[in-house]
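Peer 1: sharing a sequence plus its predicted fold:
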Amino acid sequence: MSSTVATTHDAVTPRTWRKVGIRIIPLVGLAYVASYIDRANVGYIAAPMSRELHLNSSQLGLAAGLFFIGYVLVEVPSNMMLTRFGARTWITRIMVTWGLVTAATAAVNSAATLYLARLLLGFAEAGLAAGILLYLTFWFPRRQRSWALTTFILMIPVSSIIGSPLAAALLAWGQRLLGIAGWRSLFLVEGVLTVLVGILIFSFLPNRPRDARWLTDEEKTAIENTLAAEAAEQRAHGALTGLREALHSRRVWAMAVSWFAIAFGLYPMAFFLPTMIKSITHSVGGAGDVSSVLLSAIPYAVAALVMLGWARFAARRTAVTATAVPMALGVTGLLLATSTHSGVPFILAVCMSVAGIITAMPQFWRIPAIGLTGAAAASGIGLINSVSNLSGFIGPYFTGFIANATGSFTYALLAIAIIMAAGLAVLLTVGRRMERLDGSLS
């Protein structure tokens with residue numbers, strides 16, 4: 001970090017960064033909790049929904065994955081719209097639209113209507129995750145970004161810790177409370193909650209530091225000057241700045257491949273973990289549905305603790321090292337899961353895998369921000385996240401197909417581990433080059 005950037009950064013007090021974190025991250029984190037619950041809810045209700053709609057594992061995987069078609073197609077344009085209309089307006093638009101689609105999914109009555117609902121949901125929600133990642137770069141310079149990203153990505157395990165009991169409660173009592181099947185009540189309740197979160201975002205989320213009424217004029221100026229100085233330094237050391245540059249950059253595409261591999265490890269777990277647990281514990285019926293959903297929250301609780309502990313250690317390590325180590329842990333957990341044939345060892349292996357995968361996620365997003373700024377950041381982050389979301393389409397369908405063909409999830413978990421290992425190799429090769437852009441390994 002140059003002396004100019006260090007000087008401007010030091011002009012912002014730790015108290016100001018805490019104020020920004022407290023005001024910004026809970027709001028965008030709440031949006032992401034709703035997002036992740038909505039995209040993963042098919043996994044929570046897989047068993048009862050499959051029984052009523054007569055779905056097999058392949059069809060369930062296809063339904064889960066169709067969400068990501070619209071997500072992939074619209075993500076980059078969505079990020080460009082966010083920079084044009086402002087984060088507050090655009091994130092609100094995304095949330096209200098997808099909340100309405102989620103609520104309407106409660107009425108599906110066949111595989112075909114479920115497919116349509118999931119496809120529409122992907123188009124409605126596209127751009128939220130990439131938009132929030134971009135939005136955080138409007139507020140936090142590189143020195144502050146590690147803890148900010150860790151706190152934000154913490155919302156993934158938090159969403160599962162919240163979503164699993166919510167799903168279990170609605171599976172057990174939804175029919176009595178709302179007069180519709182428990183799995184249908186989950187779609188309805190989550191859709192309504194998402195719209196309410198969208199209203200909160202519109203009411204309280206400022207677009208940029210200069211728009212924050214809770215910052216003093218001196219604090220606004222100090223933050224804006226810090227971000228401007230860092231962007232100027234990035235441009236001076238070869239960071240990409242334009243839309244076309246980012247979309248044609250080999251290093252951006254390489255980072256997209258790495259993020260694809262990380263996400264490929266996460267999504268099949270998100271959608272199929274309750275089903276895997278139910279299968280390996282041989283539980284049956286409605287009670288089995290509820291218990292497997294509750295057990296699926298355990299790996300995410302472990303992941304939250306590991307991610308917070310690693311964040312403190314990783315802040316003193318290079319971004320690539322801080323990402324590669326937990327990725328390797330995730331691969332190891334997947335390999336161990338393929339060799340277990342009983343409930344407790346399987347859940348322990350999954351805890352290792354999920355903890356590694358989720359811990360790698362916030363550290364990964366330190367890397368693209370080194371080489372991207374301006375329009376390139378909007379398009380590049382959108383592109384990386386968009387390509388990775390192909391894994392959200394391929395992964396669940398691929399997992400369901402192999403489970404149907406072989407009668408178990410063992411070979412699917414092995415294939416996921418191989419894909420993650422390949423992504424790790426790309427990360428170690430290209431990520432190092434990106435870190436050397438500014439002559440720094442921080």
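Peer 2: Received, thanks.

Peer 1: going forward, measure contacts between C-alpha atoms and count neighbours the same way
Peer 2: Noted.

Peer 1: how many residues are close by the closest residue to residue 171 other than its chain neighbours?
Peer 2: Leaving aside its sequence neighbours, residue 171 sits nearest to residue 182 (CA to CA, 6 or more residues apart in numbering; 4.1 Å). As a burial measure, residue 182 scores 25 neighbours (other CA atoms under 10 Å).

Peer 1: one more: residue 383?
Peer 2: Neighbours of residue 383 (other CA under 10 Å): 27.

Peer 1: how about it, nearest residue that isn't a chain neighbour?
Peer 2: The shortest distance from residue 383 to any non-neighbouring residue, by CA to CA, 6+ apart, is to residue 76 (5.8 Å).

Peer 1: wait, is the one you found part of a strand?
Peer 2: No - the assignment for residue 76, made by DSSP: H, G, I helix; E, B strand; the rest coil, is helix rather than a strand.

Peer 1: what's the neighbour count on it?
Peer 2: Counted with other CA under 10 Å, residue 76 comes out at 25.

Peer 1: give me the pLDDT for it.
Peer 2: Looking at residue 76, its pLDDT stands at 74.

Peer 1: separation between it and residue 389?
Peer 2: From residue 76 across to residue 389, the span is 12 Å (CA to CA, to the nearest Å).

Peer 1: got it, and residue 339?
Peer 2: Counting by CA to CA - residue 339 and residue 389 are separated by 28 Å.

Peer 1: who are the contact partners of residue 398?
Peer 2: Applying CA atoms under 8 Å, 6 or more residues apart in numbering, we find residue 398 in contact with 58, 61, 412.

Peer 1: how about the second one, nearest residue that isn't a chain neighbour?
Peer 2: It refers to residue 61. residue 397 (4.0 Å).

Peer 1: my read: that neighbour touches residue 65, true?
Peer 2: Yes - the pair residue 397 / residue 65 is scored as a contact, 6.3 Å apart, by CA atoms under 8 Å.

Peer 1: neighbour count for those two, which is higher?
Peer 2: Higher neighbour count among residue 397 and residue 65: residue 65, with 28 against 23, using other CA under 10 Å.

Peer 1: which element is that one on?
Peer 2: Assessed by DSSP states H and E, residue 65 sits inside helix 57-85.

Peer 1: who are the packing partners of that helix?
Peer 2: helix 14-44, helix 87-104, helix 111-125, helix 128-137, helix 375-388, helix 390-406 (3 or more CA pairs under 8 Å, 6 or more residues apart in numbering; DSSP states H and E).

Peer 1: who's more crowded, residue 339 and residue 389?
Peer 2: Neighbours per residue (other CA under 10 Å) separate residue 339 from residue 389, with residue 389 holding more: 28 against 13.

Peer 1: gap between the more buried one and residue 251?
Peer 2: As judged by CA to CA, residue 389 and residue 251 stand 18 Å apart.

Peer 1: which SS class is residue 408?
Peer 2: Here residue 408 is coil, with the state taken from three-state DSSP.

Peer 1: grab the nearest non-local neighbour of it.
Peer 2: Nearest non-adjacent residue to residue 408 (CA to CA, 6+ apart): residue 402, at 7.7 Å.

Peer 1: just checking, the one you found touches residue 413?
Peer 2: No - here residue 402 lies out of contact with residue 413, judged by CA under 8 Å, at a distance of 9.6 Å.

Peer 1: neighbour count: these two, which is higher?
Peer 2: residue 413 (23 against 20).

Peer 1: doesn't that one fall inside a helix?
Peer 2: Yes - counting by three-state DSSP, one finds residue 413 located in a helix.

Peer 1: show me what contacts it?
Peer 2: If you count contacts by CA under 8 Å, 6+ apart, then residue 413 has 334-335, 337-338, 399 around it.

Peer 1: kindly recompute the last result at 7 Å.
Peer 2: 334, 338 (CA atoms under 7 Å, 6 or more residues apart in numbering).

Peer 1: for residue 199, same thing?
Peer 2: For residue 199, the contacting residues are residue 92, by CA under 7 Å, 6+ apart.

Peer 1: part of a strand, is it?
Peer 2: No - using three-state DSSP, the assignment for residue 199 is helix, not a strand.

Peer 1: look up how far residue 129 lies from it.
Peer 2: According to CA to CA, residue 199 stands 18 Å off from residue 129.

Peer 1: picking that back up, distance of the residue nearest to residue 61 from residue 174?
Peer 2: Residue 397 sits 28 Å away from residue 174, going by CA to CA.

Peer 1: repeat that for residue 96.
Peer 2: Distance, residue 96 to residue 174, using CA to CA: 23 Å.

Peer 1: likewise residue 197?
Peer 2: Relative to residue 174, residue 197 is positioned 22 Å away (CA to CA).

Peer 1: residue 88 too?
Peer 2: Taking CA to CA, one finds residue 88 at 33 Å from residue 174.

Peer 1: same check, this time on residue 418
Peer 2: For residue 418, the distance to residue 174 equals 40 Å [CA to CA].

Peer 1: was I right about residue 390 contacting residue 67?
Peer 2: No - taking contacts as CA atoms under 7 Å, residue 390 lies outside contact range of residue 67: 9.9 Å.
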